[in-house]
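Participant: would you be able to build a 3D model of this:
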Amino acid sequence: MANAMNAQTVITEVVAAVLTQPDGRVLLAQRPQGKPYAGYWEFPGGKVEPGETLEAALARELREELGIAIDSPCRWITRVFEYPHATVRLNFFRVFAWQGEPHPHEGQVFSWQRPDAVEVEPLLPANFPILKALSLPPLLGISHAEALGVDTFLARLDLALHAGLRLIQLRDKSLPEAARLDLARETVRRARPFGARVLVNGSLDLARAADADGVHLDAAAAAALTARPDCAWVGVSCHNACELAHAAVIEADFALLSPVLPTLTHPGAATLGWQAFSALAAASPIPVYGLGGLERGDIALAQSHGAHGVALLRGAWT
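Facilitator: Model prediction:
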């Protein structure tokens, strides 16, 4: 993503579709001869025509390129990328349902690929962070050992892992440091055989000592940084546009945006509501999880409002 652009930079608006199969595979297309970066793989899409909405442009491009009609595309993220020949704003949509079977109308080659194990190459440079983001699951569980008790939490963690939970934020900040380290190590030990990732809230030293996959930062901790922590995965808790923008500046992999709806933890607190959440998520260059007042069954609803998925505290362990 570009860090800065001068006032004279002409930005080309582009829509890109992440067509996703139920098993998580996404569709990549190889650019045909005669176009810049011919032979490179990318997500299908194209330029937005003057006066065209993003949704209309997406529907037109997929009809022209793939011969399909899409159902209820979901805004996802927006990234600006500077190629040698152009600066483009990539407006990404998740597409989970469509009519017809994709087939090439413009001489492209298509391939369904797993985001975390792409086998085609070369990829357009702009798509490397996109594929990493797409390897994130739609559900994030925030640990609740302080309230449940460590033994009860670990028992429920086992159940959640067997049920498919693959991303865990180890929070429980009021536990003594030694107890947090023990809990983090045990959480990682149980999560690793399932391929689940564990991010420790706060300390990079603690995350490394526990052999965790990365860190999760609250807004204040993120604000104090000017660069990304040196670890594989970084999440940031955000509450507004400024905090989301800074999370992107330090190259976090995703953000939690809260509170979406009223919560038991903070009764009476102001909430974003879906309209404000949608606007913030659509403008973000990194994936955003909705947090606050949501349940496991709200994943599709959250995605329809631009979320990557939902983050749950109590709901992840019931």
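Participant: can you pull out the helices in the protein?
Facilitator: For the chain, the helices defined by DSSP state H occupy 54-66, 128-134, 145-148, 150-162, 177-191, 204-209, 219-223, 241-249, 273-283, 299-304.
Participant: wait, which of these is closest to Q108?
Facilitator: helix 54-66 (6.8 Å; C-beta to C-beta). (Each C-beta comes from the backbone N, C-alpha and C, glycine too.)
Participant: got the buried residues for that closest one?
Facilitator: L54, A57, L58, A59, E61, L62, E65, L66 (16 or more other C-beta atoms under 10 Å).
Participant: what of stretch 85-97?
Facilitator: For stretch 85-97, burial by neighbour count (16+ other C-beta under 10 Å) applies to V88, L90, N91, F92, F93, R94, V95, F96.
Participant: my guess is the second one contacts V80. True?
Facilitator: Translated: L90. Yes. With contact defined as C-beta atoms under 8 Å, L90 counts as touching V80 (7.5 Å).
Participant: state the mean pLDDT of stretch 235-244.
Facilitator: Stretch 235-244 shows a mean pLDDT of 98 in the predicted model.
Participant: what number of residues lie near the nearest residue to A241 once chain neighbours are set aside?
Facilitator: Once flanking residues are discounted, A241 sits nearest to L280: 5.7 Å by C-beta to C-beta, 6 or more residues apart in numbering. By the measure other C-beta atoms under 10 Å, the count of residues near L280 is 21.
Participant: L280 and H305, how far apart?
Facilitator: Note on L280: its distance to H305, by C-beta to C-beta, to the nearest Å, is 10 Å.
Participant: residue most distant from the centroid, this structure?
Facilitator: Here the chain reaches farthest from its C-alpha mean at G34, the gap being 32.8 Å by C-alpha atoms, centre = their mean.
Participant: now do the contacts for that one.
Facilitator: By C-beta atoms under 8 Å, 6 or more residues apart in numbering, no residues touch G34.
Participant: how far away is it from E65?
Facilitator: Taking C-beta to C-beta as the measure, G34 falls 15 Å from E65.
Participant: go on, F110?
Facilitator: For F110, the distance to E65 - C-beta to C-beta - is 9 Å.
Participant: joint contacts of these two?
Facilitator: In contact with both F110 and E65: A29, P44, P104, using C-beta under 8 Å, 6+ apart.
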